[in-house]
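S.K.: Predicted model and sequence follow; I will ask about them next.
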Amino acid sequence: MLEQKKKNIHIISIGGSIMHDLAINLKKNGNNISGSDDVIYDPSKSKLKKNGILPKELGYYKKNISEHIDLVITGMHTKKNNIELKEAKEKGIPIQSYPEYVRTLSENKHRVVIAGSHGKTTVTSMIMHVLKYNNVQFDFLIGAKVKGFNNNIKISDSPLIIIEGDEYLTSPIDQAPKFLKYDHHLLLLNGIEWDHYNVYKSYKEYIKQFKSLVEMTPKGGEIIYFDKDDEVKRIIENYNNENTNTKPFSYENFKVNKNETVIFDDENKPIRLNIFGKHNMQNLAGAKIVCEQLGIKNKHFYKAIKSYKLPDKRLEKLHDGEFKIFKDFAHSPSKLNATINAVQSQYNNNLLVIYELHSSSSFDVNFLKNYKDTLLKSTFSIIYISENKKCNHLSEKILMECFNEKKLALIESKSHLIDIIKNSKFKSYNKLLMSSGNFDDLDFNILIK
């Protein structure tokens, strides 16, 4: 159990994917936990109930913030004018975002932060898998469900913590990126591509956050960076601090053989993987160096990585028959392009791509132009926009121009989406569904049947 003074902690937006796990972890460490939210879905709801910390009523109320509260923790989902936040301020109760509180609890830990516009979750989960396989004790913070782990966060007495470092805003009252809150000792910086267009209004402003992250590296710290990304290389070259140990990585040596991806250990022996795609060979190469810096020998890394599987919603195979159906978490041009290329390289077949425009930046025509040529290896593409979004300014013609793709259809209703996917024309096609949303709660079993 984590040694700390037991506290009365109130968590605003307790139903979030990380927030509810943080609440459970803090309760297990002996704290008194209360929380609030305006909506809570499963699995958060069931887990909070099981641990006796599900709010009795939904909503935010002044009465939840009593003088007995020692600390209020809030997430990005909380509104700036939240009545509980205002009440905590008026009563002088300390307020921290969850990244700040994780940093507080990690004061005496070796802090490893995994950053970049894409690949963060995968690299973090690879490191977690290898450390667990090799019986290394560690804490972690990650934004997705990882196979072999019950929670998204663990804080204990371990001297090591692995953190997925997100560049999104810390909280409604703190506009700094989350990854600047952790004070890393070791930083992995993967590829950079303009993301969170709704927050960072220019590419220059977005890049500035990663420069700040690199410059935070302490004397004697380490930076592991993807050297095939020009922007990352520029940041590292301009940083050029002789007191920091920098190590580049590129791609793990691999080949595809009969729909199987194989890498090679230090003795050139083949190792069959459960994952595929060049972008995942990039992620794997970075994870290997991090593990090496943490004392894991290459032979132990390779032994562990054989059994690694991607986190939920990352190139998840829904159907593995005569044709394949994949679901993937994607919300950026490079991720869309990399995933399509991965599936086509692994399975040389006609491919139907269904991509949901979900994040707010996706509906800006200027940002959509960054998607040019990302669908080139798709046989046919569907761009899906939820019927709840009402995007009258986006037409099929505009999308064809932005994506530079004529074999494309715009679909704006779930029933129409199901009909076109089930069309006999696409019966023999592999299918790849990508979104950072959920296609209006589409039942994927309908497609599999």
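M.R.: Thanks, I have it. As the structure is a prediction and not an experimental result, all values here were calculated from the model. Residues are numbered from 1 along each chain as shown.

S.K.: Let me know the secondary structure of T170.
M.R.: For T170, the assignment made with DSSP: H, G, I helix; E, B strand; the rest coil gives strand.

S.K.: Show the model's pLDDT score for it.
M.R.: Predicted confidence (pLDDT) for T170: 87.

S.K.: What separation do you get for it and P55?
M.R.: Distance from T170 to P55, counting by C-beta to C-beta, to the nearest Å: 23 Å. Quick note: C-beta positions are derived from backbone N, CA and C, even for glycine.

S.K.: what about the helices in this protein?
M.R.: Using DSSP state H, the helices of the chain run over residues 19-28, 44-50, 83-91, 98-105, 120-133, 203-215, 230-239, 278-293, 298-305, 333-346, 365-368, 396-403, 414-421, 444-448.

S.K.: Wait, N51 touches K27, no?
M.R.: Yes: here N51 reaches K27: they are 6.0 Å apart, a contact under C-beta atoms under 8 Å.

S.K.: Would you confirm that D328 contacts R314?
M.R.: Yes: counting by C-beta under 8 Å, D328 touches R314, with 6.3 Å between them.

S.K.: give me the number of residues near M216?
M.R.: By the criterion of other C-beta atoms under 10 Å, M216 has 15 neighbours.

S.K.: residues contacting the closest residue to I18 other than its chain neighbours?
M.R.: Leaving aside its sequence neighbours, I18 sits nearest to N152 (C-beta to C-beta, 6 or more residues apart in numbering; 5.1 Å). Residues in contact with N152 (C-beta atoms under 8 Å, 6 or more residues apart in numbering) are S17, I18, D21, L141, I142, G143, A144, K145.

S.K.: repeat that for 10 Å
M.R.: Neighbouring residues of N152 by C-beta atoms under 10 Å, 6 or more residues apart in numbering: 16-22, 25, 140-146, 164.

S.K.: which of the residues you listed lies closest to S156?
M.R.: N25 (8.5 Å; C-beta to C-beta).

S.K.: and that closest one, how many residues sit next to it?
M.R.: N25: 21 neighbours (other C-beta under 10 Å).

S.K.: ok, now how distant is it from T78?
M.R.: Taken as C-beta to C-beta, the span from N25 to T78 is 19 Å.

S.K.: W194 too?
M.R.: When W194 is compared with T78 (using C-beta to C-beta), they lie 26 Å apart.

S.K.: Mind checking which of the two has more residues around it?
M.R.: It is T78, of W194 and T78, that has more neighbours when counted by other C-beta under 10 Å, with 25 against 20.

S.K.: and that one, what is it in contact with?
M.R.: Contact partners of T78, counting by C-beta under 10 Å, 6+ apart, are 11-13, 16, 19, 36-38, 60, 72, 84-85, 97, 171-173.

S.K.: quick one: it and K50, what's the gap?
M.R.: Distance from T78 to K50, by C-beta to C-beta: 24 Å.

S.K.: Could you break the chain into its assigned domains?
M.R.: 8-93, 101-305, 316-448 (automatic domain parsing).

S.K.: among these, which gets the worst mean confidence?
M.R.: Looking at these, the bottom one is domain 316-448 with a mean of 89.

S.K.: Work out the gap between that domain and the centre of the chain.
M.R.: Relative to its chain's centre, domain 316-448 lies at 19 Å (C-alpha atoms, centre = their mean, to the nearest Å).

S.K.: Check stretch 272-286 too.
M.R.: Worked out by C-alpha atoms, centre = their mean, stretch 272-286 lies 16 Å from the chain centre.

S.K.: Next: stretch 211-220.
M.R.: Distance, centroid of stretch 211-220 to centroid of chain: 22 Å (C-alpha atoms, centre = their mean).

S.K.: For K414, see how far away the spatially closest residue to H358 that is not a sequence neighbour is.
M.R.: Using C-beta to C-beta, 6+ apart and skipping the chain neighbours, the partner closest in space to H358 is G437 (3.6 Å). As judged by C-beta to C-beta, G437 and K414 stand 12 Å apart.

S.K.: shared neighbours, these two?
M.R.: Residues touching both G437 and K414 (C-beta under 10 Å, 6+ apart) are Y384, S386.

S.K.: gap between stretch 35-48 and the chain center?
M.R.: Remark: stretch 35-48 is offset 20 Å from the chain centroid, using C-alpha atoms, centre = their mean.

S.K.: Same check on stretch 250-265?
M.R.: Per C-alpha atoms, centre = their mean, the centroid offset for stretch 250-265 relative to its chain is 24 Å.

S.K.: Kindly report the same for stretch 165-179.
M.R.: 14 Å.

S.K.: For it, list every residue counted as buried.
M.R.: Buried residues in stretch 165-179, defined by neighbour count with 16 or more other C-beta atoms under 10 Å: G165, D166, E167, L169, T170, S171, P172, D174, A176, P177, K178, F179.

S.K.: again with stretch 213-220
M.R.: Here stretch 213-220 shows L213, V214, T217 as buried, counting by 16+ other C-beta under 10 Å.

S.K.: any chance of these in CSV, plus distance to L447?
M.R.: Shown next, in CSV, are these (distance: C-beta to C-beta, whole Å):
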residue, distance to L447
L213, 40
V214, 43
T217, 46
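
S.K.: now, which of those sits nearest G295?
M.R.: T217 (20.0 Å).

S.K.: And that closest one, its phi and psi?
M.R.: phi -60, psi 130 (degrees, to the nearest 10).

S.K.: Would you agree it is in contact with I223?
M.R.: Yes: the pair T217 and I223 passes the contact test of C-beta atoms under 10 Å, sitting 5.8 Å apart.

S.K.: list the residues that contact both of the two?
M.R.: Common neighbours of T217 and I223 (C-beta under 10 Å, 6+ apart) are H184, L186, L187, Y239, N241, T244, N245, T246.

S.K.: how close does K45 sit to N82?
M.R.: Separation of K45 from N82 (C-beta to C-beta): 20 Å.

S.K.: Of the two, give the one with the bigger neighbour count.
M.R.: N82 (19 against 16).

S.K.: any idea what sits nearest the more buried one, other than its immediate chain neighbours?
M.R.: Take N82 and drop its neighbours on the chain: the residue closest to it by C-beta to C-beta, 6+ apart is Y60, 5.7 Å away.

S.K.: can you pull the contacts of the residue sitting furthest away from the middle of the chain?
M.R.: Residue farthest from the centre of the chain, counting by C-alpha atoms, centre = their mean, is E67 at 36.4 Å. Residues counted as contacts of E67 (C-beta under 10 Å, 6+ apart) are N8, K91, G92, I93.
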